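Undergrad: task: produce atomic coordinates for the following.
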Amino acid sequence: MNYRKLIVLPLAVLLVGCAPQTQSSQSAASQSTTITSKASDNSSKQSKSKTANQSDSSTKAQSSRSTTAGQSKAAGTSSSTSASNSTAATRLTTLNQQLTKALGSQILVPKKDGLASGSAKLNMRYQGDNQNYTVKYSVGQQAKPFNNTAVADETAYATVTKTTYPSANTAAKQVGYRDNKSAAGLPTVALGHQITAHIDSGAGQRYIIWNEGRWSLTVHTNMMHNDAGIALAKQAVNTFETVYLPAPQSVGAITFEAISSGGLDQVIQWQSGKVVYKVSARDTTTAIKMAASMQ
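TA: Numbering: from 1, shown residues only. The predicted structure is shown next:
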């Protein structure tokens with residue numbers, strides 16, 4: 001009997017039995033590694049997704065806060081503007097009430113102050129009685145009591161005057177109405193809206209003259225600033241297409257200075273019976289707004 005073969009045979013059987021277990025163990029380990037890797041990948045993807053969602057939520061929240069802040073700021077600005085307009089309207093209304101109490105409820109007063117800014121610091125002072133008076137409008141460092149003596153030191157941006165004459169005929173003559181027919185034969189210029197003005201020149205001065213209804217209108221300039229005069233005349237024509245002045249009983253006259261000296265040289269006046277009302281201002285727009293709102 002060959003003992004060497006008998007020893008080798010069991011040993012071979014033993015090795016064969018062990019080999020599959022090692023491969024199975026390696027396979028299990030490999031599968032475990034793969035599962036662990038996938039779990040790690042899934043966890044990483046979930047973490048990234050969660051981070052992205054959090055970032056998106058944060059961005060949306062910031063956008064929402066920004067929008068809300070913008071809306072809040074806009075609302076605050078709108079409220080501030082409304083409050084400012086309300087204060088300005090209340091200021092003029094209060095002063096007008098005190099003026100009509102002093103001069104009588106039958107007087108005409110502007111319902112608009114004609115200002116672009118500073119209405120809350122509007123001041124008013126008058127002289128005269130209900131037949132003849134002048135009301136001075138100014139903007140001070142602060143709003144002062146009606147007819148306060150300190151207002152006399154402020155520079156007026158506009159005045160409203162009422163003058164009573166012995167007769168309507170006399171009053172009409174004081175207005176300074178000029179019929180455009182008197183300028184026949186003079187050079188003309190088209191102002192738009194089918195209105196033609198005449199140009200009266202002399203001594204370096206130029207007057208652009210036309211009529212609208214019972215109103216005569218004159219824009220004064222000089223030869224060196226002729227374009228400015230024509231531009232102002234066209235602007236006035238456009239304005240009076242939508243803004244309506246009080247209807248004169250007989251006549252009314254408007255005189256605008258294209259090259260203003262800085263004084264109250266933008267003038268609108270009209271006759272009503274024996275009375276002549278006159279609005280004088282530093283600015284044409286101010287004069288128009290105030291005259292058109294007279295009630």
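
Undergrad: alpha carbons only for contacts and neighbour counts from here, please
TA: Will do.

Undergrad: which stretches of the protein have low pLDDT?
TA: Applying pLDDT under 70 to the chain flags the ranges 1-88.

Undergrad: from the contact counts, what lies against the helix or strand hosting Ala291?
TA: Element membership for Ala291, per DSSP states H and E: helix 284-292. Contacts defined by 3 or more C-alpha pairs under 8 Å, 6 or more residues apart in numbering; DSSP states H and E place helix 284-292 against strand 266-272, strand 275-281.

Undergrad: who's in contact with it?
TA: Where contact means C-alpha atoms under 8 Å, 6 or more residues apart in numbering, the residues beyond helix 284-292 that reach it are 110-115, 158, 243-246, 256, 266-268, 279-281.

Undergrad: before we move on, what about stretch 127-134?
TA: Residues contacting stretch 127-134 (C-alpha under 8 Å, 6+ apart): 103-104, 107, 126, 135, 159-164.

Undergrad: same question for stretch 262-277.
TA: Contacts of stretch 262-277 (C-alpha under 8 Å, 6+ apart): 157-172, 174-175, 248-257, 278-284, 287-288, 291.

Undergrad: over to stretch 147-164?
TA: With C-alpha under 8 Å, 6+ apart as the contact definition, stretch 147-164 has outside contacts at 123-126, 131-140, 144, 171, 264, 274-282, 286-287.

Undergrad: list the buried ones in it?
TA: Residues of stretch 147-164 classed as buried by neighbour count (16 or more other C-alpha atoms under 10 Å): 147, 151, 156-164.

Undergrad: so which of the contacts of stretch 127-134 sit within strands?
TA: 126, 135, 159-164 (DSSP state E).

Undergrad: can you put these in CSV and add distance to His220?
TA: Below are those laid out as CSV (distance: C-alpha to C-alpha, whole Å):
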residue, distance to His220
Tyr126, 29
Val135, 26
Thr159, 21
Val160, 22
Thr161, 22
Lys162, 24
Thr163, 25
Thr164, 28
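
Undergrad: okay, now the sheet partners of whichever strand or helix holds Thr218, with direction.
TA: Element membership for Thr218, per DSSP H and E: strand 215-222. Using DSSP bridges, the strands paired with strand 215-222 are strand 205-212 (antiparallel), strand 252-257 (parallel).

Undergrad: pull the CA atoms of the shortest one into PDB?
TA: Coordinates of each C-alpha in strand 252-257 appear next as PDB, following Å, rounded to 0.1, in the frame of the first residue of the first chain:
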ATOM      1  CA  GLY A 252     -59.600 140.400 -20.200                       C
ATOM      2  CA  ALA A 253     -55.900 140.800 -20.900                       C
ATOM      3  CA  ILE A 254     -52.900 138.600 -20.400                       C
ATOM      4  CA  THR A 255     -49.300 140.000 -20.600                       C
ATOM      5  CA  PHE A 256     -46.400 137.600 -20.300                       C
ATOM      6  CA  GLU A 257     -42.700 138.500 -20.300                       C
END
